[in-house]
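Undergrad: next comes the sequence, and after it the predicted model I'd like to discuss.
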Amino acid sequence: MERLPFLKSLSIHSLDELEFIYYEEPLLSESFFPSLEKLKFVMCGELRGWRRMRDDVNDDDNSSPSYHLSFPRLSELCISNCEMLTHMPTFPKLDKELIFKFARVEALEGTLNMVGSKHLIEFPPLSMLRYLEIGGYHLNVKKLPKDWVRNLTSLEYLAFYDLDSKKFQEIEIWFKDNFN
């Protein structure tokens, strides 16, 4: 799928047994979903991430080249009810919408921790994002970088779902600390 040059939208819904999305090497970063703008993963409870063909499924090494992929044009991302998803290519140009519910923070870490990229000097990750929904009782807010909200300067819509009061208070503190 990653080499479909005109694919703009991909939705993967209720694939209960899907563990990995495989792609083949050699793969230039420019050829990895070059036109994809919208990506949805919904109710894929066993999905763990992206993996190169022939990689060992028991190897969870984040330094593997499979985890240094990036969606060059992705502007909308929905990850909902994918509690096992931990490995995602980065999405540095996400600017329209991020829906992140009942999922693990590790799926966002690659993008949130992007530092030193030439592109990011001008536009930090999520700085152009306008719409954010986040939540879920499994959301581990302690794993998010404390200053990640600092980049949400273009946000127009913000919604929180299914958070206990302690998690919500931690998020409130981030906003107070980063915007005062």
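TA: Structure's in. What do you need?
Undergrad: okay, CA-based contacts and neighbour counts for the rest of this
TA: Noted.
Undergrad: any stretches of the chain with poor pLDDT?
TA: By pLDDT under 70, the low-scoring segments of the chain are 25-30, 54-67, 115-122, 180.
Undergrad: give me phi/psi at the most centrally placed residue in it?
TA: By C-alpha atoms, centre = their mean, the chain has its centre lying nearest to L108, at 4.0 Å. The phi and psi torsions at L108 (degrees, to the nearest 10) take the values phi -100, psi -20.
Undergrad: what sits against the nearest residue to D95 once chain neighbours are set aside?
TA: Distances taken as C-alpha to C-alpha, 6 or more residues apart in numbering put L129 closest to D95, at 3.9 Å, once the chain neighbours are dropped. By C-alpha atoms under 8 Å, 6 or more residues apart in numbering, the contact set of L129 is 94-98, 152-155.
Undergrad: only the buried members of those residues: can you turn that into a ChimeraX selection?
TA: Buried members of the contacts of L129 can be picked out in ChimeraX with the line below, counting by 16 or more other C-alpha atoms under 10 Å:
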select :94,95,96,97,98,152,155
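Undergrad: ok, the contacts of L129 vs L163, which is closest?
TA: L98 (17.1 Å; C-alpha to C-alpha).
Undergrad: I figured that closest one hits L77, correct?
TA: Yes: under the contact definition of C-alpha atoms under 8 Å, L98 touches L77, with a separation of 5.0 Å.
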